[in-house]
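Enquirer: what's the 3D shape of this:
(2 chains)
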Amino acid sequence: MWSVASRGCDPPIDYRMSPFIDERLLALLDHYVAGECTSAEVEEVRAWLSASAENRPVLADVERIRTVAHNRPPVRSAEAAWQHAVAELELETRSRRDPPVRVLGRISTAPSRSRFATRVAAVAAVLVAGVSVGTLLSVRSKPGTRQMAAPIALLEYSTPRGQSKTVDLPDGSRITLAADSRVRFPGTFGARGRDVGVDGEALVTVAHETNRPFRIHSKNAEIEDIGTRFDIRSYPEDSAVRVIVAEGEVALSGRRSASALATSPMTAPARRSSRLRRGDIGVLKQDGTVTRTTTANPELYSGWSEGTLQLVRAPLSEVAQVIGRWYDLDVEIVGSDLPKRTVTATISVKAPEEMLSMLALAVNARAERNGRTVRLIANTAH
Amino acid sequence: MSLSSPSGVRDAVTRDLSELRETQNLVKLIRSGDVPAFGELYQRFWNPLYNFAFRYVQSAEEAEDVVQELFFRIWRNRAQWQVGTSLQNYLYAAARNGALARLRRHASARRWREKRIGEEPEESSVSADELLYAAETSAEIERALSEMPPKRRAVCALRWIDGLMYAEIAERLGITEKTVENHLGTGLKFMRERISRG
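Expert: Residues are numbered from 1 along each chain as shown, chains lettered A, B, ... in the order given. Alright, predicted model coming up:
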């Protein structure tokens, strides 16, 4: 017989379980609150509850703990608070004790190709020099800031057109890159946060850790993982960053433009972030505003990771881009109104011929292929 | 209800001698004005303390202010900064005091407005004491969450924040479902012990 209420003076309760009753019972109660118990287990719990007045508070505790843990406070940035402290207290952050770090490679981001470069420099201005350098993406000294340029270990994976690749991150998270995309992250994440850069499109599955937030940076967007699986789309030619959540929750926020940060880095405002849950689609524009829509089927948008591309009322001009990316074909559209025709279809990434003939049919055109070049000619052209 | 400190009289739970040495070292460095060490304080404690303070003041901006005030005060008086046996206990007690001071200021400001301006008193079905008790408990839970060892914390986070089932957690972390159950049970036991009963 084992007593469950450790602090009461109740008689021990007959309870046919193993000796490690406290932990097992508590785990059982957790199941019970989550509605996962079998009917036999439900009966056990109910019997236990009515056996003593001391027991109901234990259940209440479990409910309480779960509720409090689940209702997270709004996300706020320790980095921004530190930055504010540096300004307010006039701290000298040039460090003379930089930890030794191995350089595996330096990223040189081409500014014309992606705005990630200016974005990263702005990020560098707000991070602490000399401490947990492993979490930085890249540091370049800029005139007017007091950070020192420091070499850091940095890895980059990229996919060419027509290919997709899955990459495992040092913390167990997983990123599947779409075609013509790239991901950047340090060889080891630091103790305080996991920061990753993405250009293009990626499906992200995050290994959740409460004390190490996971953040994706792309253009002006910062996407922080609160829970786990989302698709981010941010090609250089896109004017906005799109995030679709398949599972769990993320916080999508946009920084002020890189140039604004460069002139007044110490007054970064507290970012308002949009919480996105499963089925939400958040689109972050360059000005930092987020528009939201929903979809009942978020997996549709990351079908590319399993070989199907989803086009939803996509204008042909966009479809041409998508085809270029995934099939490594150059698509030329002939016909004045053809680019505006829209396509809604599911296409398989593996079968270009089939895809082309279906596409041509859908927009009332014909497809002529010559090696890597495809011409889509409207049937009613000229 | 007594408002005695919720965890100040508990012994510091020091898992590692090396961890204790490390925090003592951190305090020493900050006292001597080492900026990166102060930055380390931010990186290690700002978020947990913010979450903790939020449970009292229920406002992100106020919670930020509480922690910033605390950290600024530490820096400005760093030469005389005394911490006692546990840096954690010091920080959490100070954060709690700061949060309660804010709540008191708000309450007295409201009373002043009610008297002078004739503002309508706030209707509330829950007494101020009850609200405060709830806040204390939530804050204790918050602190306990952040002080659990990493594996257990990961399991509890996936379970309570993301609502995953045992099988999903097991797969995610590469452990067995039995281990998940053990972590969860131990986590709940650990947390129940930390919730003060006033």
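
Enquirer: A:Asp328 and A:Val322: what is the separation?
Expert: Taking CB to CB, to the nearest Å as the measure, A:Asp328 falls 12 Å from A:Val322. No exception for glycine: its C-beta is placed from N, CA and C like everyone else's.

Enquirer: neighbour count winner among those two?
Expert: A:Val322 (19 against 15; other CB atoms under 10 Å in any protein chain shown).

Enquirer: Which other helices and strands does the strand or helix carrying that one contact?
Expert: For A:Val322, the element it lies in under DSSP states H and E is helix A:316-327. Applying 3 or more CB pairs under 8 Å, 6 or more residues apart in numbering or on different chains; DSSP states H and E, one finds that helix A:316-327 makes contact with strand A:308-315, strand A:330-334, strand A:342-348, helix A:352-362, strand A:373-378.

Enquirer: Of all these, which one is nearest chain B?
Expert: strand A:308-315 (24.3 Å; CB to the nearest CB).

Enquirer: Average pLDDT for that closest one, rounded please.
Expert: Strand A:308-315 carries an average pLDDT of 78.

Enquirer: buried set for it?
Expert: A:Leu309, A:Gln310, A:Leu311, A:Ala314, A:Pro315 (16 or more other CB atoms under 10 Å in any protein chain shown).

Enquirer: for stretch B:48-66, same thing?
Expert: Under the neighbour-count criterion of 16+ other CB under 10 Å, stretch B:48-66 has B:48-57, B:59-60, B:62-66 buried.

Enquirer: Could you restrict those to the ones contacting chain A?
Expert: B:Pro48, B:Tyr50, B:Asn51, B:Phe54, B:Arg55, B:Ala60, B:Ala63, B:Glu64 (CB under 8 Å from any CB of the partner chain).

Enquirer: so the first one is in which element?
Expert: Following DSSP H and E, the helix or strand that holds B:Pro48 is helix B:35-57.

Enquirer: Just want the angle from the helix holding A:Val322 to strand A:330-334.
Expert: If you take axes from the mean of the first three to the mean of the last three CA atoms, to 10 degrees, helix A:316-327 sits at 160 degrees to strand A:330-334.

Enquirer: Alpha carbons of helix A:316-327, as CSV, please.
Expert: Presented in CSV, the C-alpha positions along helix A:316-327 are these (Å, rounded to 0.1, in the frame of the first residue of the first chain):
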residue,chain,number,x,y,z
LEU,A,316,1.9,32.1,-65.5
SER,A,317,4.8,34.5,-65.0
GLU,A,318,5.1,33.1,-61.5
VAL,A,319,4.7,29.6,-62.7
ALA,A,320,7.6,30.2,-65.1
GLN,A,321,9.7,31.2,-62.2
VAL,A,322,8.7,28.1,-60.3
ILE,A,323,9.4,25.8,-63.2
GLY,A,324,12.8,27.5,-63.7
ARG,A,325,13.7,26.8,-60.1
TRP,A,326,12.5,23.2,-59.9
TYR,A,327,13.2,21.8,-63.3
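
Enquirer: What angle do helix A:352-362 and it make with each other?
Expert: 170 degrees.

Enquirer: for chain B, which spans come out with low pLDDT?
Expert: For chain B, applying pLDDT under 70 flags the ranges B:1-19, B:118-126, B:196-198.

Enquirer: center of it - which residue?
Expert: B:Phe52 (3.2 Å; CA atoms, centre = their mean).

Enquirer: what's near enough to touch that one?
Expert: B:Tyr92, B:Ala95, B:Arg96, B:Ala139, B:Glu142, B:Arg143, B:Ser146 (CB atoms under 8 Å, 6 or more residues apart in numbering or on different chains).

Enquirer: Skipping adjacent residues, who's closest to the fourth one in space?
Expert: Right, B:Ala139. Spatial nearest neighbour of B:Ala139, chain neighbours left out: B:Arg55 (3.9 Å); criterion: CB to CB, 6 or more residues apart in numbering or on different chains.

Enquirer: What segments of the stretch 51-200 of chain A are helices?
Expert: Listed in chain order, the helices of the stretch 51-200 of chain A (DSSP state H, counting those that start in this stretch) span A:55-70, A:78-88, A:116-126.

Enquirer: quick check: domain ranges of the chain?
Expert: If you meant another chain, say so; for now it's chain A. Domain assignment for chain A by automatic domain parsing gives A:21-70, A:78-299, A:307-378.

Enquirer: I was thinking of chain B, sorry if that wasn't clear
Expert: Using automatic domain parsing, the domains assigned to chain B come out as B:17-128, B:148-198.

Enquirer: So which of the ones you listed is nearest A:Asp22?
Expert: domain B:148-198 (5.5 Å; CB to CB).

Enquirer: Are the closest one and chain A in contact anywhere?
Expert: Yes. Using CB under 8 Å from any CB, we find that domain B:148-198 touches chain A at B:150, B:153-154, B:156-163, B:165, B:172-174, B:181-182, B:184-186, B:188-189, B:191-192, B:195.

Enquirer: Tell me the gap between that domain and the middle of its chain.
Expert: With CA atoms, centre = their mean, to the nearest Å as the basis, domain B:148-198 stands 19 Å off its chain's centre.

Enquirer: Stretch A:324-336 now?
Expert: Worked out by CA atoms, centre = their mean, stretch A:324-336 lies 29 Å from the chain centre.

Enquirer: Start and end of that stretch, how far apart?
Expert: 20 Å (CA to CA, to the nearest Å).

Enquirer: in that stretch, what's buried?
Expert: A:Gly324, A:Arg325, A:Trp326, A:Tyr327, A:Leu329, A:Val331, A:Ile333, A:Gly335.

Enquirer: And the residues you listed, which is closest to chain B?
Expert: Out of the buried residues of stretch A:324-336, the member with the shortest distance to chain B (by CB to the nearest CB) is A:Trp326, at 29.5 Å.

Enquirer: Spit out the contact partners of that closest one.
Expert: Taking CB under 8 Å, 6+ apart, one finds A:Arg161, A:Gly162, A:Ala178, A:Ala179, A:Trp304, A:Leu309, A:Val349 in contact with A:Trp326.

Enquirer: where does the residue of chain B found nearest chain A land in three-state SS?
Expert: For chain B and chain A, the shortest gap (CB to the nearest CB) falls at B:Gly185, measuring 3.0 Å. Counting by DSSP: H, G, I helix; E, B strand; the rest coil, the backbone at B:Gly185 sits in helix.

Enquirer: wait, doesn't it sit right on A:Leu26?
Expert: Yes. Counting by CB atoms under 8 Å, B:Gly185 touches A:Leu26, with 4.8 Å between them.

Enquirer: bridging residues for A:Ser218?
Expert: In this entry, A:Ser218 is beta-bridged to A:Ala221, by DSSP bridges.

Enquirer: ok so, going back, neighbour-wise, which of B:Gly185 and A:Leu26 wins?
Expert: Neighbour count, other CB under 10 Å: between B:Gly185 and A:Leu26, A:Leu26 has more, with 26 against 21.

Enquirer: Report the contact partners of the nearest residue to the more buried one once chain neighbours are set aside.
Expert: In space, and not counting its chain neighbours, A:Leu26 is closest to B:Leu188: 3.9 Å by CB to CB, 6+ apart. Neighbouring residues of B:Leu188 by CB under 8 Å, 6+ apart: A:Glu23, A:Leu26, A:Ala27, A:Leu29, A:Asp30, A:Asp61, A:Val62, A:Ile65.

Enquirer: Thank you kindly, that will do.
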